[in-house]
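[1] I'd like to go over a predicted model; first the sequence, then the structure.
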Amino acid sequence: MDKVEIKTQDGIAPTYVFRPRGKGPWPAVLVFMDGVGIRPAMLEVGERLSTHGYFVLLPDLFYRSGPYEPMDPRTVFTDPEQRKVLMEKFFAHAKPASIMSDTRSFLAYLAAQPDARPGGIGTTGYCMGGLMSLTAAGTFPDRIVAAASYHGGRLATDAPDSPHLLAPKMKARVYVAGATEDPSFPEDMKARLEQALASAGVDHRIETYPAKHGWVLRDMPVYDAAATERHWTTLLALLDSTLVS
């Protein structure tokens, strides 16, 4: 793993780069972190993905808030004071429009790397990152050929920047995994997203796992080992079928 600094329109985004062993270039994957930020469990996703032959970019989407210590996923959403800080200091500065501006810089960085294979890339995201992954697919359709969202929330709302509204622009193959216990992605929202993607002719699949919101990252109190391995199986199937020639 290497840590680099990527210049964006709003500052410098600390970013983690993972390269497979051996000789590249390798197909590239951009990972959108979850709402708990960068910490060992998030970095492990990038590391494991690289062992399957992918050049992985994992940026810190909270860079606008300044340096921060790793958050405690066991308490950050349940402690009122910690949640208030999370919402006001971090989430308030990580809106889709801002992250898409950053993504333009991330894509430029990938395009300049000799170890990253030219052409289309894949994206995956977790929780808030799932929303960003789908938004990126609709914002940069000529660059993103595969987009995954795991326990992403608010994927089809009445908001003007809801990802489902970008479906007509998407060219990527899309995979979405929700959870049976997830108030941020209920059945009616799933149906709305399904209708939007189907109507736009997007090659997609939406599934619901028997798990709770946030199941992938191992440090989350709702971590589910079986559902996480299913996540790896479906993610690698998506990426291998679109990025590996």
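    Thanks, I have the structure now.

[2] hang on, residue 29 packs against residue 53?
    No. If you go by Cβ atoms under 8 Å, residue 29 and residue 53 don't touch, sitting 10.1 Å apart. (C-beta placed from N, C-alpha, C; glycine too.)

[3] more neighbours, the two?
    Taking other Cβ atoms under 10 Å, residue 29 and residue 53 do not tie; residue 29 has more neighbours (26 against 17).

[4] how about the longest helix along the chain: buried residues?
    For the chain, the longest helix by residue count, based on DSSP state H, is helix 225-243. Across helix 225-243, burial judged by 16 or more other Cβ atoms under 10 Å covers 227-228, 230-231, 234-236, 238-239, 242-243.

[5] Kindly indicate which of the residues you listed lies nearest residue 116.
    Among these, residue 243 lies closest to residue 116 (Cβ to Cβ), at 11.0 Å.

[6] Need the CA coordinates for stretch 108-117. CSV is fine.
    The C-alpha trace of stretch 108-117 is given here as CSV (Å, rounded to 0.1, in the frame of the first residue of the first chain):
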residue,chain,number,x,y,z
ALA,A,108,-7.4,11.7,-13.9
TYR,A,109,-4.9,10.2,-11.4
LEU,A,110,-5.7,6.7,-12.6
ALA,A,111,-5.4,7.7,-16.2
ALA,A,112,-1.9,8.9,-15.5
GLN,A,113,-0.7,5.7,-13.8
PRO,A,114,1.4,3.3,-15.9
ASP,A,115,0.4,0.5,-13.6
ALA,A,116,-3.3,1.1,-14.2
ARG,A,117,-4.7,-0.4,-17.4
